[in-house]
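**Student:** with the sequence up front, the predicted model follows.
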Amino acid sequence: MRATDDEELGRLLEEQRGYYRALAADDLNQGLELPGGDELTRALDAFQPTGSVLELAFGPGVWTGQLLRHAGDVTAVDASPEMLAIAAARVGDQRVRFVEADLFTWQPDRRYDVVFFGFWLSHVPAERFAAFWSLVAACLKPGGRVFFADDAYRTPDELVEGPSSSTIRRQLPDGTPYRLVKVPHRPADLERRLRQLGWRIKVTPTAGPFYWGAGSPGTQLDDDRYHRELQALTLRLAEAAHDADPAQPVPTCPAWTLAQLTAHVGFGHRWTAVIVERRATTPVPPDQVDDLQVPAAPEERRRWLLAGARRLSDAVRRAGPQTRVWSWADDQTAGFWLRRITHDTLVHCLDAELAVGREVGLASDLAADSVSDLLDMFSILPRIDDFPALAELCGSGQTLHFHATDPGLGAAGEWLARRTPSGVEWEHRHRPADAALRGRALDLLLVLSRRATLDGSRVHASGDTELLAHWLEHSRLEPA
Ligand SMILES: C[S@@+](CC[C@H](N)C(=O)[O-])C[C@H]1O[C@@H](n2cnc3c(N)ncnc32)[C@H](O)[C@@H]1O
C-alpha cells in the first residue's frame, strides 16, 4: 500500500473511532430485534464462552453481560472512553477488566480461552483483515476459540462511494456525517477467506441480516508438508505392493484387491491433477482423465504411481493452493485437493502395508490431521450425496471425544464430535463427552477409519459403549 493510501486509511479509521465516540451518548442499537437477532444470542450460549474471555470492541457492553453468563473473567477492549464509561456502568462486575485501546495498534499482554467480537469485523477494512486475524491468533491460548457476530447491512443512502466500496457515510442523530468502514461480508465467502488464512471457522447466516462465526485456529499442516507426504506415502504404497500378487485381497478394504487399490490411488492423483490443471469449476468426468492404465510390471507400476502423485503436486504448485477449482466440499481450492488426496493416499498406503504384513507408522501430527480429514468427510459427504451409513450418524446432540495421547499435539489432538439432527459436527476441543476414545493418533485413525477393531486396538474406550459401537458401525464411507 502506498504511503498516501495508508495515511488515508488511517484518517478513515480515526473518523470511524470518532463516530462511535460521539454516538456513545445515544444508545447504540444493533437492530438485534430484527429477524435472526435472537439466533445470535442462542448461538453464543450454545458456544459457551467459558474461561478467560477477551471481548474486542465491546461498545455499550451489551455482549459483555452475556459473556459473563459463561466466562470466569472478561477483558474488554474498545477505543472509546465514552463507550467504556457506559459499559462499565451497565455491567458493574468485578470480573471485567476494561481496556481503552485502538485495536489496530493494541497488543495483548496475556492469552485467552475465547476471543469474542460483536459487530466489529465488518468495520475492519480489507487492508487490515489479515493483520486483525493475526492479532486474534496471538490472543488465543492453545486450544482457544473464537466467536463473532455481525451483519452485512448497509442502507442505500450510506453508500456514498457506491456499493462496491466499503467506505460508507453515517450520520449522528444531529446530522453530523462521518465516514466508516462497513464490509458486507457474505458468510460463505468469509468462511472461505478465513480458511485461506488457516482458520477453521464456520460462518452461519441467520434468518435476518446477521451472521455468526465460531471456530478455532486451523491445525492443518503447511502445504510443503502435504507435497512431501504425498510423495513419501505414494512411494511407501508402491513399495508395499511391488512384489505382492496384485490379486491379493486387502483385508482393511474388503471389496478390493491390491490391483484395485493401486488403480484407485493412481486414478485419484490423476483425476484431481486434471481438475487443478484445467482450473475446472465443474466436476471432471472420469473418462476425460488420461494415463489410467496400471502397468503390469512391478517397476513400471511403481513409476506410474509416483508419476500420478508428482503430477498432482506439480499442478497444485503451478496453480497455487488458493486457486479456485471445483471440489465436492465447501473448500473449493487446489489446496483442498492436495490435502484430501494426501490423506486418501495415506489410508490406502496403510491398507497396502497391512495387507502385506508390514509394520505401519506415521508422524503423530500427520496421523492427527488425517483424523480431522476423516471427520470432515463424515460431516460433508452426507450433505452432498447419498451415504446411507453416514446418514445414521445424525443424532440429537450425543457427543464423542477423541483424545490423542502423543506428546505435543495440543488442540490438534483433541476432537469433540457431535451428532446433530443435520449430521456430524466437530471441533478441536477437550471436553467431557458421552463417550470417549483415547490413544495414539495413529491408533485412533486406524479405529475411526475402520482399519482396526476397537477390541483389537491400543485405543482405550470410556463412556457410553452403545454410542461408540453405533458410531464405529456407521462411520462408513460407502455411497449408496
Ligand atoms: C458497531 S460497535 C460494536 C459494539 C459492540 N460490540 C456491540 O455489538 O454492541 C463498534 C465499536 O468499535 C469501537 N471501535 C471503533 N474503532 C475502534 C478501534 N480502532 N479500536 C477499538 N475499538 C474501536 C467503537 O468504539 C464501538 O464501540
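**Tutor:** Yep, it's here.

**Student:** count the residues that sit near residue 209.
**Tutor:** 17 (other CB atoms under 10 Å). (Glycine included, C-beta is placed from N, CA and C.)

**Student:** quickly note the distance from it to the ligand.
**Tutor:** Going from residue 209 to the ligand by CB to the nearest ligand atom, to the nearest Å gives 14 Å.

**Student:** contacts only, for that residue.
**Tutor:** 31, 34, 36, 151, 152, 153 (CB atoms under 8 Å, 6 or more residues apart in numbering).

**Student:** please tell me how far the closest residue in space to residue 296 that isn't next to it in sequence sits from residue 259.
**Tutor:** Nearest in space to residue 296, with sequence neighbours left out and distances taken as CB to CB, 6 or more residues apart in numbering, is residue 246 at 7.9 Å. Noted for residue 246: a distance of 4 Å to residue 259, by CB to CB, to the nearest Å.

**Student:** same question for residue 395.
**Tutor:** 38 Å.

**Student:** again, but for residue 232
**Tutor:** Relative to residue 259, and taking CB to CB, residue 232 is found at 22 Å.

**Student:** same check on residue 308?
**Tutor:** Counting by CB to CB, the gap from residue 308 to residue 259 is 15 Å.

**Student:** which of those two has more neighbours?
**Tutor:** Taking other CB under 10 Å, residue 308 and residue 259 do not tie; residue 308 has more neighbours (25 against 18).

**Student:** does the more buried one lie in a helix or a strand, and which?
**Tutor:** helix 298-319 (DSSP states H and E).

**Student:** just the C-alphas of the helix or strand just after that helix, formatted as CSV.
**Tutor:** Downstream of helix 298-319, the next assigned helix or strand under DSSP H and E is helix 334-355. This file holds the C-alpha atoms of helix 334-355, laid out as CSV (Å, rounded to 0.1, in the frame of the first residue of the first chain):
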residue,chain,number,x,y,z
ALA,A,334,-6.5,-26.5,-5.3
GLY,A,335,-5.1,-26.8,-1.8
PHE,A,336,-8.2,-28.8,-0.7
TRP,A,337,-7.3,-31.5,-3.2
LEU,A,338,-3.7,-31.6,-2.2
ARG,A,339,-4.6,-32.3,1.4
ARG,A,340,-7.6,-34.6,0.7
ILE,A,341,-5.6,-36.8,-1.7
THR,A,342,-2.6,-36.9,0.6
HIS,A,343,-4.9,-38.4,3.2
ASP,A,344,-6.6,-40.7,0.7
THR,A,345,-3.1,-41.9,-0.3
LEU,A,346,-2.2,-42.2,3.4
VAL,A,347,-5.1,-44.6,4.4
HIS,A,348,-4.5,-46.7,1.3
CYS,A,349,-0.8,-46.8,2.0
LEU,A,350,-1.7,-48.2,5.4
ASP,A,351,-4.1,-50.7,3.7
ALA,A,352,-1.4,-51.9,1.4
GLU,A,353,1.2,-52.2,4.2
LEU,A,354,-1.2,-54.0,6.5
ALA,A,355,-2.2,-56.3,3.6
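
**Student:** next secondary structure after helix 334-355?
**Tutor:** Taking DSSP H and E, what comes next after helix 334-355 is helix 364-384.

**Student:** which strands or helices does that next one pack on?
**Tutor:** Applying 3 or more CB pairs under 8 Å, 6 or more residues apart in numbering; DSSP states H and E, one finds that helix 364-384 contacts helix 334-355, helix 388-391, strand 398-404, strand 414-420, strand 423-427, helix 441-448.

**Student:** most tightly surrounded among these?
**Tutor:** Scoring the helices and strands packed on helix 364-384 by mean neighbour count under mean count of other CB atoms under 10 Å gives helix 441-448 as the most buried, with a mean of 25.
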